[in-house]
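S.K.: okay, predicted coordinates and the sequence, questions at the end:
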Amino acid sequence: MTGVSVRAFGAAHLDEPGLRGALARHWSLIVTLVVAGGYMVTVTLLHSPALSPIDEVVYIDYLEKLWRQGVIHSGEYLGDLARQLYACHGVIPFGRMGPECGTDLSDSAAFPYGGYSSGEGYPPVQFWIVRTVGDALSLIPGVGQVTGWRLVGTLWLMGGLVFSYLIARRMRIVGWGFVAVSLAIVASPLGYWSFSFVSTDAPIFCLGAILLWLAIRFARGEVSGWWLVGVAALGATFKPTGIAVVGLVLIYLVARRIRALRAEGRDARGVLRGLLGPQVGLPLLAFIMAVAVQFAWTRIVPLLAISRDSADQGVAVPPTVDLFGQQFTNFLGGALRLVVPQADSATNIFLPLTWLAIAGVIGSLLMMPRGSRDRSLPIAVLLAFLLAAPFLTAGIVVASGSFFPMPPRYGLALMPALIVVTVPLLRNRWAIRALLAYVAILLGYGIAVTIAFAGWYP
């Protein structure tokens, strides 16, 4: 292949059967998976036992206790492994916490939040998966148990990228643009903190890609809408933030149906009657099921409590109109750039990622021809980015009576949709090359930061 471009090689072998033909047809996915997987495995293996501040200690405690007790109970203390990690390795970038390493760790009050776990809010489904797969990965020589659990994040990432590619391929937008935008998400702080540590956000990225893929196929009459209902309900057993992408799917399918009915010349009454069919009814049922599953879990948690005391993480604040209003730009403005403010805001190197997200979401709507039925997707993506955080915030207020602003990282469920709407905008070869060069810098920066963290927090 010396002197032959990847594009030329692909064109020459597109119709060949077997491995060579598959490589030619799907080279952009292969390049993305190799770079993304190689980067994420590298940084994961370079990590010290020091914990991510995104509640990793809680997740590790959940995993360690899983086979003994099934779930975490409200009012439960952190176990021995979590306490040892706190005391001996600490939390990035805050350092060691609790008693001195090697001393008596039995005093729960000496640890953050009084030593209580805050994992009771999570159903056990995704922890069953992480524990099973992670324990298998830990059998690889040189990979310990915690690292094995962390490596599962790379698998969630790979799954999400594969389904994002399947969507992009159906829309004929694969190529170097797909590689560049996908790797920008991988190289972002959102990718770093979500996929290289134990995180409950990682599977939501994969869920988001699967649901959007199913929605597009359902809209084209290729699959049953009951798949949407089942996957949405299953995803709700992972984390409530998955509701964001179920909402995106609902908006997309409603918008697409309305545009199709208007194209048939129906008046307003006819459009309303046309919305009563399964094209809207099934995605609406999927959304209701996702909300219902999460609501049911909030009712189960108090029944499993072993104490009235629990962790108070201090994130609840008095609700104000201003704070609630800020949620409308939360996911679009900060999801890719700001996950751990103490670490991610130390440099402006990630600022262009926000520009990329805003340009992709808004630009895709402006560039899509008004008469195109596919315009329903950028409409839905824009509305989802604006409305998901306020909806989730309001849901938490209703369910728990507490108000706290959504962390921008909860927008991870919408990232597959961001890939799909952003790639078509990269029509200029030099724009793609510039984005690839920027991504390469971010990937190198991520590895350098990981090495530094491992030295500062051994």
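M.R.: Sure thing, it's come through.
S.K.: how close does Gly177 get to Leu157?
M.R.: 19 Å (CB to CB, to the nearest Å). Placement of C-beta: from N, CA and C, glycine included.
S.K.: equivalent analysis for Leu139, please.
M.R.: Counting by CB to CB, the gap from Leu139 to Leu157 is 21 Å.
S.K.: higher neighbour count, those two?
M.R.: Between Leu139 and Leu157, counted using other CB atoms under 10 Å, the more crowded position is Leu157 (26 against 9).
S.K.: quick one: the more buried one and Val186 touch, right?
M.R.: Yes. With contact defined as CB atoms under 8 Å, Leu157 counts as touching Val186 (6.9 Å).
S.K.: so what sits against both of these two?
M.R.: 36, 40, 195 (CB atoms under 8 Å, 6 or more residues apart in numbering).
S.K.: any idea how far the nearest residue to the first one once chain neighbours are set aside is from Ala448?
M.R.: Using CB to CB, 6 or more residues apart in numbering and skipping residues adjacent in sequence, the residue nearest Ala36 is Val186, 4.5 Å away. When CB to CB is the yardstick, Val186 and Ala448 sit 16 Å from each other.
S.K.: ok, these two, which is more surrounded?
M.R.: The residue with more neighbours, out of Val186 and Ala448, is Val186; 24 against 10, by other CB under 10 Å.
S.K.: what helix or strand is the more buried one on?
M.R.: helix 176-187 (DSSP states H and E).
S.K.: against which helices or strands is that helix packed?
M.R.: In terms of contacts (3 or more CB pairs under 8 Å, 6 or more residues apart in numbering; DSSP states H and E), helix 176-187 is packed against helix 27-46, helix 145-170, helix 351-367, helix 415-422, helix 429-456.
S.K.: if we go to 6 Å?
M.R.: Contact partners of helix 176-187 among helices and strands, from 3 or more CB pairs under 6 Å, 6 or more residues apart in numbering; DSSP states H and E: helix 27-46, helix 415-422, helix 429-456.
S.K.: any buried residues in the longest one, and which?
M.R.: Using 16 or more other CB atoms under 10 Å as the burial criterion, the residues of helix 429-456 that qualify are 432, 435, 438-439, 442-443, 446, 449-450, 453-454.
S.K.: what is the nearest of those residues to Val381?
M.R.: Distance to Val381 across those (CB to CB) is lowest for Leu435, with 19.1 Å.
S.K.: what number of residues lie near the nearest residue to that closest one once chain neighbours are set aside?
M.R.: Excluding the flanking residues, the one nearest Leu435 by CB to CB, 6+ apart is Ala180, at 4.2 Å. Ala180: 24 surrounding residues under other CB under 10 Å.
S.K.: got the contact list for the closest residue to Ile72 other than its chain neighbours?
M.R.: In this structure, Ile72 finds its nearest non-sequential neighbour in Gly119, 3.8 Å apart by CB to CB, 6+ apart. Contact partners of Gly119, counting by CB atoms under 6 Å, 6 or more residues apart in numbering, are 58, 62, 72.
S.K.: which of the residues you listed sits closest to Arg96?
M.R.: Closest to Arg96, out of all of those and judged by CB to CB, is Val58, at 17.3 Å.
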